[in-house]
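In: Just a sequence and a predicted model for now, questions to come.
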Amino acid sequence: MPEESPITARNAPDRRRYELVDAGAVVAQCDYLPFGTAAGPQRILHHTTVDESYGGQGLGGRLARFAVEGTIDAGLQIVPVCPFIKAWLGRHPEYDAHVAPVRPEHLAAVPPGSGRPE
């Protein structure tokens, strides 16, 4: 990774994902889906990936924080279907008040092959 190219974070709502970008290339992403309930709007965070060549740099955690805080800032509850996001949230109890439990209807909303636990 070239040092002169800082990695930036962005929300790409047209692709329903948060991204980390290096020199114009997406190097990490956290996919999400909107979900509505009687209790209020939610965002299902269902799949997180980091390009292998960027591994070991803490980018997964950086992306998780950006996605979680972006979801909270949007006034939505977090539904952590993604195992990485779920584990990250387990290490960050300061976000507990914004996390909704994963329910069968959340899992059913995630298309097969896009991070849904089988």
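Out: Structure received. Predicted model only: the values in this text are computed from it and were never measured.

In: In the protein, what residue spans correspond to helices?
Out: Remark: helices assigned in the chain by DSSP state H are 59-73, 83-90, 104-109.

In: In the last one, which residues are buried?
Out: By 16 or more other CB atoms under 10 Å, the buried positions in helix 104-109 come out as 106, 109. Where C-beta positions appear, they are placed from N, C-alpha and C, glycine not excepted.

In: Then the second one?
Out: When neighbours are counted by 16+ other CB under 10 Å, the buried residues of helix 83-90 are found to be 84-86, 88-89.

In: ok, back up a step: and the helices of the chain as TSV, adding distance to Thr49 and mean pLDDT?
Out: Listed next are those as TSV, based on distance: least, CB to CB, whole Å; pLDDT from 0 to 100:
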stretch	distance to Thr49	mean pLDDT
helix 59-73	9	97
helix 83-90	9	96
helix 104-109	19	93
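
In: Ala23 is nearest to which of the ones you listed?
Out: helix 59-73 (14.3 Å; CB to CB).

In: Give me the residues contacting that closest one.
Out: 7, 9, 11, 18, 20, 27-30, 32, 43, 45, 48, 50, 77-78, 84-85, 88-89, 92, 95, 98 (CB atoms under 8 Å, 6 or more residues apart in numbering).

In: Can you list the low-confidence ranges for this structure?
Out: Along the chain, segments meeting pLDDT under 70 span 1-5, 114-118.

In: follow-up on the earlier one: just the contacts of helix 59-73: which are in strands?
Out: 9, 11, 18, 20, 27-30, 32, 43, 45, 48, 50, 77-78 (DSSP state E).
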